[in-house]
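Student: Provided below for reference: sequence and predicted model.
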Amino acid sequence: MVTPPFLVSAPGKVILFGEHAAVYGKPAIAAAISLRSYLLTTKHEPEFSELVTLEFPDIKFQYSWKIHSLPWDVVPKGSIDTVRPPSELNTTLVEALEHALVDVHIPLQRSAALAFLYLYICLCSPDMPGMTFSVRSTLPIGAGLGSSASVSVCLAAALCLVSGEVSPPEKKGDDDSDFNAANYAGIELIDAWAFLGERCIHGNPSGIDNAVASHGGAVMFQRMTKGNPNVRESMRSFPPLKLLLIDSRQPRRTAVQVANVATLLQNYPLVTEPILNGIHALTDEAYKLLQTPKENCDDAWEERLRELVRVNHGLLVALGVSHPKLEAIRMAADELEIGETKLTGAGGGGCAITLVKRGVDIDESRICGLIERLEGHGFEVFETSLGGVGAGCLLPTKSEAAEWEEWEEKLFSLHHLLGLGDREDIQKTVGVGSIDGWAFW
Ligand SMILES: Nc1ncnc2c1ncn2[C@@H]1O[C@H](COP(=O)(O)OP(=O)(O)OP(=O)(O)O)[C@@H](O)[C@H]1O
Ligand SMILES: C[C@@](O)(CCO)CC(=O)[O-]
Ligand SMILES: [Mg+2]
């Protein structure tokens, strides 16, 4: 059992191929990005020990519940398998939590708070001390970069740590590829609980986003079908790709986009199924291409990959999940002949990626021209790298326990920062890659 204060963090992701089809058991390819969410867990002062507090400053939400007023009796201790959580939500618990959420009307706040309460009731117990869980993200929210999954993974990781279901990650050796069985078991469990958090936020997730946010790297993922388990294949020799990541800043919710595709499939199965099968075949092609040894990734290879990006976008347009702003981004990149562009994530707004041409026929000034043009239209261009680390934890080791007070003081000032700082402040002060001490499962 880990005693607060401590921080956990998990990355966002980019889906390169296969979104939406992933929901129907088709393969998809995604990679973790360097933009991440952070969750600080602190213990309440004794006078507030009967409260549990949730703070989501990014979505202007803060709420405290009396711990004993929550519906603990719906899932009595021992009635839930915390080691192998089910993949379906317990609808009785979801209904019982309505009461705790009666004052929360805004859907984006309500779904995130439901994810927290659901995991809190399943993993914790009413005799635990009062705590505050504060989440900040350097990811744009609801923009296709897996913000919901990175928050779900942070919530699952923090709650698994305070309940003792999972131990903090053991530091790996110098070779980051070293396999550590305890870390692996820990992150598998966090991933499984985060999937239920995703279910609370968007109803019918495939599980690809929480898989990438937990494990990091680049993966080919296929949701379980007819009792077969999920496939999650790590793509270790992922070739370096030059990508632009552009946020249309058009808000949308994944839950709505996924439901729209479900309606299309229901209304026009003979039309929609072939589109999903087309995405499946295209992702298989992309998978083969992305397995090509680096030395064979020549111009023709790049051209084929870009072609697949273009076709994937076209099929997503046919599913009805593009948006005029995403089309404006694609057209700007097409006009300047920078590369091929597709929406990424659930679409309907949010982000697009442009797979940039390399080689002699494209110079940096053309790319700068595109960025300027996009920013001029109010779009935001992100720089990020693909295939980064998965979920991690920052807490003092036993040998540092003497510095505990100093640590606690630092985290309390961090608490303030998590409430007020901007993305750059957060990344600089606690960010993975900016400060030492982070360990990853
Ligand atoms: N920083 C955050 N703080 C609190 N809640 C968040 C935060 N980031 C995301 N969420 C929750 O996740 C929801 C957005 O998730 P949604 O699945 O719609 O988009 P996304 O995950 O960013 O994109 P995609 O699913 O396409 O990758 C928000 O409405 C909110 O409920
Ligand atoms: C649209 C979708 O395919 C990707 C969202 O990032 C939904 C999912 O797979 O859960
Ligand atoms: Mg999401």
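Tutor: Structure's in. What do you need? Ligands and ions are numbered 1, 2, ... in the order given.
Student: show me what counts as buried in stretch 250-265.
Tutor: Buried residues in stretch 250-265, counted by 16 or more other C-beta atoms under 10 Å: Q250, R252, R253, T254, A255, Q257, V258, N260, V261, A262, L264, L265. C-beta here means a position set from N, CA and C on the backbone, and glycine is covered the same way.
Student: and those, which two are furthest apart?
Tutor: Maximum pairwise distance among the buried residues of stretch 250-265 (C-beta to C-beta): 23.7 Å, between Q250 and L265.
Student: in space, what's closest to whichever residue of the stretch 1-150 of the chain sits closest to ligand 3 - neighbours in sequence excluded?
Tutor: With C-beta to the ion, the shortest gap between the stretch 1-150 of the chain and ligand 3 falls at S148, namely 3.3 Å. Nearest residue to S148, sequence neighbours excluded (C-beta to C-beta, 6 or more residues apart in numbering): I201, at 4.4 Å.
Student: what sits against that neighbour?
Tutor: S111, A112, L114, A115, S148, V151, S152, T254, A255 (C-beta atoms under 8 Å, 6 or more residues apart in numbering).
Student: show me the domain layout of the protein.
Tutor: With domains defined by automatic domain parsing, the chain comprises 6-233+387-440, 239-382.
Student: are the shortest one and ligand 3 in contact anywhere?
Tutor: When you say that, I think you mean domain 239-382. Yes. With C-beta under 5 Å from the ion as the criterion, ligand 3 is reached by domain 239-382 at T254.
Student: poorly predicted segments of the stretch 251-400 of the chain, please.
Tutor: Counting by pLDDT under 70, the stretch 251-400 of the chain contains low-confidence ranges at 359-361, 396-400.
Student: show me what residue of it gets nearest to ligand 3.
Tutor: T254 (4.3 Å).
Student: just checking, that residue touches S147?
Tutor: No. The criterion here is C-beta atoms under 8 Å, and T254 misses it with S147 at 9.5 Å.
Student: which residues in the chain form strands?
Tutor: Listed in chain order, the strands of the chain (DSSP state E) span 6-17, 28-43, 51-56, 61-66, 131-137, 218-222, 231-234, 243-247, 339-343, 351-356, 380-382, 392-394, 439-440.
Student: what pLDDT does the residue of the stretch 1-150 of the chain closest to ligand 3 get?
Tutor: Note for S148: predicted pLDDT of 97.
Student: so what's it up against?
Tutor: Listed by C-beta under 8 Å, 6+ apart, the contact partners of S148 are A112, G142, G197, E198, I201, H202, D209, T254.
Student: and if you look at S69?
Tutor: S69 neighbours (C-beta under 8 Å, 6+ apart): A100.
Student: what do you get for A143?
Tutor: D247, R249, G345, G349, G350, C351.
Student: let's see 7 Å
Tutor: A143 is in contact with D247, G350, C351, counting by C-beta atoms under 7 Å, 6 or more residues apart in numbering.
Student: check V381 too.
Tutor: If you count contacts by C-beta under 7 Å, 6+ apart, V381 has them with L244, I246, I371, L374, E375.
Student: ok, the first one touching T354?
Tutor: In this case it means L244. Yes. Counting by C-beta atoms under 7 Å, T354 is a contact partner of L244 at 4.3 Å.
Student: how about low-confidence regions in the stretch 51-200 of the chain?
Tutor: For the stretch 51-200 of the chain (pLDDT under 70), the answer is 173-178.
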